[in-house]
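Participant: Return atomic coordinates for the entry below.
(one chain, ligands or ions: 1)
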Amino acid sequence: MAIKVGILGFGGLGQAAIKLLSSKQEMICVALADQKGYAYSPEGIDVKRAIATYQSQGSVGYLESGTLSEQSIKDLISHSQGVDGYFLALPNLPNTFMASVAQEFINSGWQGVLVDAIKRTSAVEQLIDLSEDLKASGITYLTGCGATPGLLTAAAAIAAQSFAEVHKVEIQFGVGIANWAAYRATIREDIAHMPGYSVDIAQAMTDQEIETLLDKTNGLITLENMEHADDILLEKLGICSRDQVTVGGVVDTRNPKKPLSTNMKLTGRTFEGKISTHTFILGDETSMAANVCGTAFGYLKAGIFFYQKSIYGLFTSAEVMPLFVK
Ligand code: NAD
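Facilitator: As a prediction, this is how the structure comes out:
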């Protein structure tokens, strides 16, 4: 029987996620939520209708199977039965939002698998603090399961196996999107990493202010030494310390072509004393959405495998192998 999936957040990533699922047999999307409403259909949600409704009316709450709500996540959890797992494609604005959603699930008594694509170290730390509560509630939660952290962190954990000592992990991402408004939260959260900005400042910026900023940079956001949870995920496993991990990248908000090839380089010393570097490069044709959503559902499937064995609590993309969804 197909795994019944809910997607929370129906912006750039949420819509890509439901499109991706429509080509899969092992998973079916039965629940959606956005800021203004939710939809639940146990037989599966019609992808085209959901996207068209969201884009024309601003909420999946206008679907036949939908309901408008100011507390859509809470209402969806209490009105939907048999959802095996949720992909949290939500903005983490403020920086405590994802942890508050996890808390909402804990409070509701719901049991199943949750997967996020959260990015900041301090946000993952808040989820780590919820480990025991998640475990006691019968929730299997996988955090940091996008591209970075996520696919590239998992690749680093695999690359580390060749070495006796890991000296550095360097992650560089290139993202190309035709239009920033398709991924508003992603772009706001990236701006929050720019010198002189913070999560609070980026959250408070109007769309016009973001456009003015992007006009000044010719649509490019260049990021260095970001606060990215890849560091803590690798440190937690004893692979290296967090200060040996660096993450940066370039986002082009006006061109779907990637400005650089996303890559992860791990340098270390083998047991024979040789210094070497493993490199993992993503194909330039793979979009951010393909790399984030594919990975998130791979971890959701792995989470289901754990959940069915009564293994609950918090796990990370660096310590679990994602399972390919057929
Ligand atoms: P978006 O702005 O396009 O969409 C956000 C969606 O969430 C909207 O549908 C909105 O209605 C909904 N939403 C907002 N508040 C809500 C609430 N309180 N209840 C229910 N729904 C709510 O966002 P996006 O660009 O798709 O990004 C989503 C997240 O994915 C961001 O946090 C981003 O940082 C993260 N991301 C991670 C990676 C990675 O590699 N790890 C890559 C890209 C994006």
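
Participant: Only C-alpha atoms from now on, for both contacts and neighbour counts.
Facilitator: Noted.

Participant: Model confidence at Met1, what's the number?
Facilitator: Looking at Met1, its pLDDT reads 89.

Participant: surely it meets Glu26?
Facilitator: Yes - Met1 is within contact range of Glu26, at 7.5 Å (criterion: CA atoms under 8 Å).

Participant: just the helices in the stretch 151-300 of the chain please.
Facilitator: Along the stretch 151-300 of the chain, counting by DSSP state H, counting those that start in this stretch, helices occupy 151-159, 184-191, 199-204, 207-216, 230-236, 288-308.

Participant: that older thread, compare Met1 and Glu26 (neighbour count), which wins?
Facilitator: Glu26 (14 against 7; other CA atoms under 10 Å).

Participant: Quick check: nearest residue in space to the more buried one, chain neighbours excluded?
Facilitator: Ala2 (4.7 Å; CA to CA, 6 or more residues apart in numbering).

Participant: now the longest strand seen in the chain and helix 151-159, what's the angle there?
Facilitator: Criterion DSSP state E: the longest strand present in the chain is strand 165-176. Between strand 165-176 and helix 151-159, the angle comes out at 150 degrees (axes from the mean of the first three to the mean of the last three CA atoms, to 10 degrees).

Participant: For Ile201, which residues are in contact?
Facilitator: Counting by CA atoms under 8 Å, 6 or more residues apart in numbering, Ile201 touches Ala192.

Participant: go with 10 Å
Facilitator: Contacts for Ile201 (CA atoms under 10 Å, 6 or more residues apart in numbering) come out as Arg188, Ile191, Ala192.

Participant: Hmm, Phe280 is touching Ala159, no?
Facilitator: Yes - Phe280 is within contact range of Ala159, at 8.7 Å (criterion: CA atoms under 10 Å).

Participant: Settle it for me: which of these two has more neighbours?
Facilitator: Set Phe280 next to Ala159 and count neighbours by other CA under 10 Å: Ala159 wins out with 21 against 16.

Participant: and the spatially closest residue to the more buried one that is not a sequence neighbour, bridged to which residues?
Facilitator: Of all residues not flanking Ala159 in the chain, His278 sits nearest, at 6.4 Å (CA to CA, 6+ apart). Assessed by DSSP bridges, His278 has beta-bridge partners Leu266.

Participant: what is in contact with Phe280 and Ala159 at once?
Facilitator: Common neighbours of Phe280 and Ala159, using CA under 10 Å, 6+ apart, are Met264, Lys265, Leu266.

Participant: what does the stretch 101-250 of the chain put close to the ligand?
Facilitator: Residues of the stretch 101-250 of the chain lying near the ligand by CA under 6 Å from any ligand atom: 117-119, 146-149, 182-186, 189.

Participant: And the residue of the stretch 201-326 of the chain that's closest to the ligand?
Facilitator: Val292 (5.4 Å; CA to the nearest ligand atom).

Participant: Count the neighbours of that residue for me.
Facilitator: Neighbours of Val292 using other CA under 10 Å come to 24.

Participant: Report the contact partners of it.
Facilitator: 13, 16-17, 89, 116-117, 145-151, 298.

Participant: Strands of this protein, residue ranges please.
Facilitator: 3-8, 27-34, 37-40, 66-68, 85-88, 112-116, 139-143, 165-176, 220-223, 245-252, 263-269, 275-281, 313-316.

Participant: related to what we said a few turns ago, of the shared contacts of Phe280 and Ala159 - the most surrounded one?
Facilitator: Met264 leads these on contacts (other CA under 10 Å) with 25 neighbours.

Participant: I'd assumed Gln172 was in contact with that residue.
Facilitator: Yes - in terms of CA under 10 Å, Met264 counts as a neighbour of Gln172; the distance is 6.5 Å.

Participant: Go through the shared contacts of Phe280 and Ala159 and name the one nearest His228.
Facilitator: Met264 (13.6 Å; CA to CA).

Participant: For that closest one, which residues are in contact?
Facilitator: Per CA under 10 Å, 6+ apart, neighbours of Met264: 148, 151-153, 155-156, 159, 169-173, 246-247, 277-282.

Participant: Restricted to buried residues, select the residues you listed in ChimeraX.
Facilitator: Buried residues among the contacts of Met264 (16 or more other CA atoms under 10 Å), as a ChimeraX selection:
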select :148,151,152,153,155,156,159,169,170,171,172,173,246,247,277,278,279,280,282
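
Participant: Which residue lies closest in space to the residue positioned nearest the centre of the chain, excluding its sequence neighbours?
Facilitator: Taking CA atoms, centre = their mean as the criterion, Ala117 is the residue nearest the geometric centre of the chain, at 1.4 Å. Nearest residue to Ala117 in three dimensions, chain neighbours excluded: Gly146, at 4.3 Å (CA to CA, 6+ apart).
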